[in-house]
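Trainee: Here is a sequence together with a model predicted from it:
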Amino acid sequence: MSDGGGEGAAKGAVLLRPLLVAAAILAVGVATQLGAYLNHDVAFLAWVARAVAGGAVYGRDILEVNFPLAFLIYLPAVPLGAVIGLSLAVKLWTAALAALSLLLLAKALPAERRGPVLIAFALFVGFALPREFGQREQFAFILVAPWCVEASRGRWHSILVGALAGLGFAIKPHFLIPLAVLALYRRRLGREEAAIVGVGALYALLLLVAFRPFLVEALPLARAAYGGIEYNGEGAVRAAIAGFFILALAVPVFGSRDRTAMAFLLAAAGFYAAAVLQMKLFPYHFLPGWGFAVLAAAALLHSRPPAGRALLAAAAAVLVIQALPWWRGSEGRERQIPRLVNVLDRGRSFTFVAKALAGEAPRGDGVAEQWAVRQAVAELRRSPDTVVVDTDWSRHTGLKSRSFDALAWLRRDPEFDRLWQGYSEGAQVGPFRLFRLRAAASPARPGCSPAG
């Protein structure tokens, strides 16, 4: 007679060993992030989450064209941030979601694929594109990954997996593309899919009830903001490399008839299409596409070992090259952050005037210009102690020259010019000019936002 207890313990060990290895890798990756500054997008959206939690109205008090889930995803970090600091709280929140996803993947994956896929997932989250840690695209990858693995799950387990995937797909409208691709492939409507639909319906209701100012005020400006972003050579190369890798991956995946690898491949293709259709081609837009491509290659190690190894090596080479500037601390503008923070710490509040403020506006788009000036005036009315002005507006705006004078452009507005009379220029840190509120002007109020 077989020993049922011994068999159960053996199965538990088979599940636990790769999970512990992957968890250790993830922990090391997160540890490398603890002393780093958040990406500016992540920091701004986390700040928005904190401001909205404090009563600010998204779309009215805070002008922003991203859909509300872009900041709502950071809300769970806000209470913890009040104790340990928002930056650290965001990193721990990201790590907690990754750990949950790792556990759900471990329970769903067949034993022969569990180790490679879990380790690939942990390595990618912890070490790939490190400057983008905590980005919305990283959340999408983390939240959707368990749903890609078809498995027999209990009721609440299925609802959890589906709800997480629903959140991941809802972060950006473009992410409906990979959802549609995967839904067509899976051709089923179970509890997981019902949970995805339920999350989407609740989010749509939330937009209509709680975020009408966003729908009325900010959403019409999104087109103008996107219009200010131009393709560039670096982005085109980035898109070409990712696209070529996914095509190369498709050959062995289709030949293997491996449903797990196929689901990861289709997710990669769907998120890649979403990245291209966003028209920006920034590195973080390709993060989920690369992540799912890596998981597909890891899944191939069982059915097509040579192809899986070769593809993983190629992906690792590309991702390491992209990550090296961050690891070396040699990214140009990022090197200015410690100096800038040191100066800003002396003040009570600050705001930024930067290229993201206006998008297409400097090139004559009236809607974008109105939005940019309105946002800048709203920030100055808060009387921030320091205003940081970015002098390089050539990034992503189509302005090929760095000689564009953002202040002169904004001061054409009488209200902005009147408020600006209360500031005098101080230090300059790299491309950033710092202006201080004069003592005779209104006292600064804490909590000013980045105007850009």
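Mentor: Everything's here; your move.

Trainee: Low-confidence stretches in the stretch 201-350 of the chain?
Mentor: Along the stretch 201-350 of the chain, the parts satisfying pLDDT under 70 run over 222-232, 329-335, 345-347.

Trainee: Show me the strands in the chain, by range?
Mentor: 350-353, 386-390, 423-429, 432-437 (DSSP state E).

Trainee: least reliable of those going by mean pLDDT?
Mentor: Out of the strands of the chain, strand 350-353 stands lowest, with a mean of 82 (criterion: mean pLDDT).

Trainee: quick one on the thing from earlier: return the most buried member of the strands of the chain.
Mentor: strand 350-353 (a mean of 24; mean count of other C-beta atoms under 10 Å). Heads up, the C-betas are built off the backbone N, CA and C, glycines and all.

Trainee: starting at the chain centroid, how far to that one?
Mentor: Its chain's C-alpha centre and that of strand 350-353 lie 22 Å apart, by C-alpha atoms, centre = their mean, to the nearest Å.

Trainee: And stretch 182-193, by the same measure?
Mentor: Between the centre of stretch 182-193 and the centre of its host chain there is 26 Å, according to C-alpha atoms, centre = their mean.

Trainee: what mean pLDDT does that stretch have?
Mentor: 93.

Trainee: which residues are in contact with it?
Mentor: Contact partners of stretch 182-193, identified using C-beta atoms under 8 Å, 6 or more residues apart in numbering, comprise 147-148, 150, 153, 155, 158-159, 161-162, 165, 262-263, 266-267, 270.

Trainee: What residues of stretch 169-181 count as buried?
Mentor: Using 16 or more other C-beta atoms under 10 Å as the test for burial, stretch 169-181 gives 169-172, 174-175, 177-179, 181.

Trainee: Test my guess that residue 264 contacts residue 292.
Mentor: Yes. Residue 264 lies in contact with residue 292 (C-beta atoms under 8 Å); the separation is 4.8 Å.

Trainee: what do those two both touch?
Mentor: residue 148.

Trainee: residues in contact with residue 269?
Mentor: Here residue 269 is in contact with 178, 181, 246, 250, 289 (C-beta under 8 Å, 6+ apart).

Trainee: swap in residue 145?
Mentor: 101, 105, 121, 291-292, 295.

Trainee: Could I get the contacting residues of residue 123?
Mentor: Here residue 123 is in contact with 25, 29 (criterion: C-beta under 8 Å, 6+ apart).

Trainee: If we use 10 Å, what do you get?
Mentor: Neighbouring residues of residue 123 by C-beta atoms under 10 Å, 6 or more residues apart in numbering: 22, 25-26, 28-29, 294, 298, 312, 316, 319.

Trainee: burial measure for the closest residue to residue 155 other than its chain neighbours, as a count.
Mentor: Nearest residue to residue 155, sequence neighbours excluded (C-beta to C-beta, 6 or more residues apart in numbering): residue 191, at 6.3 Å. Residues lying near residue 191 (other C-beta atoms under 10 Å) number 17.

Trainee: Could you check how far residue 191 is from residue 158?
Mentor: 4 Å (C-beta to C-beta, to the nearest Å).

Trainee: With residue 351 instead?
Mentor: For residue 351 relative to residue 158 (C-beta to C-beta), the value is 46 Å.

Trainee: Likewise for residue 179?
Mentor: 17 Å.

Trainee: mind listing the helices for the stretch 351-452 of the chain?
Mentor: With DSSP state H, counting those that start in this stretch, the ranges of helices along the stretch 351-452 of the chain come out as 366-381, 406-410, 414-420.

Trainee: Can you report how many residues lie near residue 72?
Mentor: There are 20 residues near residue 72, going by other C-beta under 10 Å.

Trainee: hang on, I meant residue 201
Mentor: By the criterion of other C-beta under 10 Å, residue 201 has 11 neighbours.

Trainee: For it, list the residues it contacts.
Mentor: residue 166.

Trainee: tell me which of the buried residues of stretch 169-181 is nearest to residue 36?
Mentor: When these are ranked by distance to residue 36 (C-beta to C-beta), residue 171 comes first, at 22.6 Å.

Trainee: Could you double-check that that closest one lies in contact with residue 164?
Mentor: No. Counting by C-beta atoms under 10 Å, residue 171 sits too far from residue 164 to count as a contact (11.6 Å).

Trainee: Please enumerate the shared neighbours of those two.
Mentor: 139, 143-144.

Trainee: Top of these by number of neighbours, please.
Mentor: In the shared contacts of residue 171 and residue 164, the most neighbours by other C-beta under 10 Å go to residue 144, 29 neighbours.

Trainee: Got the confidence number for that residue?
Mentor: 98.

Trainee: Excluding sequence neighbours, find me the nearest residue to it.
Mentor: Going by C-beta to C-beta, 6+ apart, residue 144 has residue 168 as its nearest residue, at 4.1 Å.

Trainee: That neighbour - how many residues pack around it?
Mentor: Neighbour tally, residue 168, other C-beta under 10 Å: 30.

Trainee: any chance of the buried residues of stretch 169-181 in a markdown table, with distance to residue 85 too?
Mentor: Putting these into a markdown table (distance: C-beta to C-beta, whole Å) gives the following:
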| residue | distance to residue 85 |
| --- | --- |
| 169 | 30 |
| 170 | 28 |
| 171 | 24 |
| 172 | 27 |
| 174 | 32 |
| 175 | 30 |
| 177 | 36 |
| 178 | 34 |
| 179 | 35 |
| 181 | 39 |
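
Trainee: Show me which of these is closest to residue 342.
Mentor: residue 171 (33.7 Å).

Trainee: so how far is residue 407 from that closest one?
Mentor: On the measure of C-beta to C-beta, residue 171 and residue 407 end up 35 Å apart.

Trainee: number of nearby residues for residue 26?
Mentor: Under the neighbour criterion other C-beta under 10 Å, residue 26 is assigned a count of 24.
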